[in-house]
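Colleague: from the sequence below, what's the structure:
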Amino acid sequence: MFNFFNLNIHFFNIINIMINRIICFIVCITISLFVQAVPVKKGIWKTITLQNGKEVRAQLKGDEWFHFFEDEKGNNYIETDDGKYKKVSKRKMEKMRLENQEKRKKSLELKNNTKNANTVNQEFWLGADISGTTQLEAFGQQLCDVDGVVYENTALMKKYGLNAVRLRVWVNPRGGFSNQDDVLTMAKRAQYYRMPVMIDFHYSDWWADPAKQHIPAAWQYYTYDEMKHALAGHTEDVLKLLKNNKIDVKWVQVGNETTHGFLWPMGKAEDNMEQYAGLTKAGYDAVKKVYPDAKVIIHLDGGCDEKRYDFIFDGLKEHGVKWDIIGVSVYPYWDIKAGLETDAEGTIRDFSKNIRRMYEKYGTESMVVETGVEVAKPEEGKKILSNIIAAALNDCDGHCHGVFYWAPELEGHYPLGAFQNHCPTIIMDAFKEWSLKIGR
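Modeller: Just a heads-up that it's a prediction; the model follows:
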C-alpha cells in the first residue's frame, strides 16, 4: 500500500529547503546592496597590506568620492587594482584630491542638468485653442484625419500629440457659442482625454484683442467699482461651474491680448492704467478664490516687441498687481505685416530673447498662448512652427512652458489655420514630432 504520510513529509521537507534558500538569497542580496550604499566611515583603523607584503596600521580618511589611509607618521596610502596598497606623496595626494573634486562637481552638474531637463519636459505643454469646435459642429461641419477618418476636434488634437486645450469665454454672446455652458461642453471633452484646460476670459460679448476691447452690453453703464464686481462675479461663476464638474483648470487668462488694457474706455491702459490694474487685480483674486493653484496669465500680442511688455507689466507692477505667467502671442505673419520683423527668424529670435529678459526683470515664467503660420504654405509653415516650439523649449532658459496654436481647424478667410478641406495639413506634424521628442 502506498504511504501518503511519508510522501507528504518528503514534500514539505523539499518546500522548507527551497524557502530557506530563497531567504538566504534575499538576505545576501540585501547585505550586498547595503554595503555598496554605505558611505565611507572615516576614522576607523585597519591593518593594510602594501604591495611589498609589509603590513601597516593606518586610519581611513576622505569620503565616498575620494578616500585613503594614513598611518601614525602621516604617510598616505591608496588601494591598487590587486587590493593591496601603495604609498603616495603629499603632492600626488593633493593632485588626486583635486581631480576627484572636479569629477564630483561634473557629476553633480550632470545630475542637476538631467533633473532640470526632466522638469522642463514635465512642465512643457503643447496645446491648441479649439473654442470654435461646437460652432463648426452646429453648422454640420465634420473634421477628419489625413486618411479621411472622421474625428471630433479634441480627439484629433490628442492624436497629433497635443496635451492641453485653450478655451475662450464670452460674457453674453449671440448664439451662445463660447458662453460658460459651451465652455463646459468643450472642457468635458478635454477632461475625457485628460488634457488640462486654459480658460481665456475676454470680458466681452464678442472678440477682444489689441484693436478692440468692448464692454459687455449688460455692463455698459457700470461705475468702476461696479465693473470690478461684475468682472469678479463673472470670473467666479464660470470657474465654479467648471470646478463643480471636476475640470482640471491649470491656467486662467485675465483678459485676451490686453496690450492696451481691456473694458475700454474704463480700462484702457494708456489712459487709465490704474483702473486697468484694478480690474486685473479683481480678476486675479477671483481666480485664486475658486482655483487657488491655477496660474493666472496676463496675455499680450507681439511677443517679439519688448516695449509693449514693459509698458503693461511695469504699470501693473507699479499698482501692486500679481500675475503668475506672462502669455505671449507669436505670429511671424502678423509681425512682418506690422513692420516689427522682416522675417520669421526675427520673430523667433526676439520672442525667446524677450522671454529671457522678462524673467530677469519680473521673475516671471512665460508661455506662448497663441501662435499660427500660413496654411497656404504648409511645408514652410511646419518648419516655422517646429522652430517656434524648439525656441520656446530650448532658447528661453527653461522659462517658457508651452506653445498653443490658435484655431488650427479654422479655414476660409483666416490665413493662419492648419487645416485644409477640414483635415490637418503637414503643419500639425510639427506637434506630433515634438510630442515624441519630449515624451508627451
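Colleague: quick one, phi psi at the nearest residue to Met157 once chain neighbours are set aside?
Modeller: For Met157, ignoring the flanking residues on the chain, the nearest one in space by CB to CB, 6 or more residues apart in numbering is Ala128 at 5.3 Å. Yep, even glycine has a C-beta here, placed from its N, CA and C like the rest. Per-residue torsions, Ala128: phi -150, psi 150 (degrees, to the nearest 10).
Colleague: Ala128 against Gly161, yeah?
Modeller: No - applying CB atoms under 8 Å, one finds Ala128 not in contact with Gly161, separated by 10.8 Å.
Colleague: the two - which one has more neighbours?
Modeller: Between Ala128 and Gly161, counted using other CB atoms under 10 Å, the more crowded position is Ala128 (27 against 19).
Colleague: what separation is there between that one and Gly278?
Modeller: 32 Å (CB to CB, to the nearest Å).
Colleague: with Lys337 instead?
Modeller: Distance, Lys337 to Gly278, using CB to CB: 34 Å.
Colleague: show me which of the two is the more surrounded one.
Modeller: Using other CB under 10 Å as the criterion, Lys337 and Gly278 rank with Gly278 on top: 20 against 10.
Colleague: can you give me the helices in this structure?
Modeller: With DSSP state H as the criterion, the chain has helices at 4-37, 90-123, 133-138, 153-159, 180-192, 224-244, 269-290, 306-318, 332-337, 344-362, 378-394, 429-437.
Colleague: can those helices go into TSV with extra columns for mean pLDDT and distance to Glu55?
Modeller: Output for these, formatted as TSV (pLDDT from 0 to 100; distance: least, CB to CB, whole Å):
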stretch	mean pLDDT	distance to Glu55
helix 4-37	47	24
helix 90-123	60	21
helix 133-138	97	82
helix 153-159	98	70
helix 180-192	98	72
helix 224-244	98	74
helix 269-290	98	71
helix 306-318	98	72
helix 332-337	98	76
helix 344-362	98	61
helix 378-394	98	58
helix 429-437	97	58
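Colleague: closest to Arg174 out of those?
Modeller: Distance to Arg174, taken as CB to CB, is lowest for helix 133-138 among those, at 11.3 Å.
Colleague: buried residues in the closest one?
Modeller: Within helix 133-138, the residues that count as buried by 16 or more other CB atoms under 10 Å are 133-134, 136.
Colleague: which pLDDT value belongs to the residue nearest to Met157?
Modeller: For Ala128, the model assigns a pLDDT of 98.
Colleague: who's in contact with it?
Modeller: With contact set as CB atoms under 8 Å, 6 or more residues apart in numbering, Ala128 has these partners: 157, 162, 165-166, 404-408.
Colleague: what bridges to it?
Modeller: When bridges are called by DSSP bridges, Ala128 pairs up with Val165, Tyr405.
Colleague: which among the buried residues of helix 133-138 gets closest to Trp219?
Modeller: Thr134 (24.8 Å).
Colleague: contact partners for the closest one?
Modeller: 177, 182, 185-186.
Colleague: at 10 Å what do you get?
Modeller: Contacts for Thr134 (CB atoms under 10 Å, 6 or more residues apart in numbering) come out as 153, 176-178, 182-183, 185-186, 189.
Colleague: could you measure from it over to Cys396?
Modeller: Relative to Cys396, Thr134 is positioned 34 Å away (CB to CB).
Colleague: got it, and Ala277?
Modeller: Separation of Ala277 from Cys396 (CB to CB) stands at 26 Å.
Colleague: equivalent analysis for Glu379, please.
Modeller: 26 Å.
Colleague: more neighbours: the two, which one.
Modeller: Shown here are Glu379 and Cys396; by other CB under 10 Å, Cys396 has more neighbours (22 against 10).
Colleague: now the contacts of Ala128: which count as buried?
Modeller: By neighbour count, with 16+ other CB under 10 Å, the contacts of Ala128 hold 157, 162, 165-166, 404-408 as buried.
Colleague: switch the residues you listed over to a markdown table; also include distance to Phe69.
Modeller: Output for the buried ones among the contacts of Ala128, formatted as a markdown table (distance: CB to CB, whole Å):
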| residue | distance to Phe69 |
| --- | --- |
| Met157 | 64 |
| Leu162 | 60 |
| Val165 | 63 |
| Arg166 | 64 |
| Phe404 | 61 |
| Tyr405 | 64 |
| Trp406 | 67 |
| Ala407 | 71 |
| Pro408 | 67 |
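Colleague: between the residues you listed, which is nearest Val287?
Modeller: Using CB to CB, Arg166 comes nearest to Val287 of these, at 15.3 Å.
Colleague: check the closest one and give its pLDDT.
Modeller: Per-residue confidence (pLDDT) for Arg166: 98.
Colleague: got the contact list for it?
Modeller: Contacts of Arg166 by CB under 10 Å, 6+ apart are 125, 127-131, 186, 190, 197-200, 251, 253, 327, 369-370, 402, 404-407.
Colleague: look up how far Glu99 lies from it.
Modeller: Arg166 is 52 Å from Glu99, by CB to CB.
Colleague: export the helices of the chain as TSV, with columns for distance to Pro415.
Modeller: Supplementary listing: these in TSV, determined by distance: least, CB to CB, whole Å:
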stretch	distance to Pro415
helix 4-37	61
helix 90-123	31
helix 133-138	18
helix 153-159	20
helix 180-192	24
helix 224-244	31
helix 269-290	28
helix 306-318	23
helix 332-337	7
helix 344-362	14
helix 378-394	10
helix 429-437	18
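Colleague: my guess is Asp429 meets Lys159, correct?
Modeller: No - applying CB atoms under 10 Å as the test, Asp429 and Lys159 come out as separate, 11.5 Å apart.
Colleague: which one's more surrounded, those two?
Modeller: Of the pair Asp429 and Lys159, Asp429 is the one with more neighbours under other CB under 10 Å, namely 18 against 15.
Colleague: nearest residue to the more buried one other than its sequence neighbours?
Modeller: Leaving aside its sequence neighbours, Asp429 is closest to Lys382 (5.9 Å, by CB to CB, 6+ apart).
Colleague: got a list of what the one you found touches?
Modeller: 373, 418, 425-431, 433.
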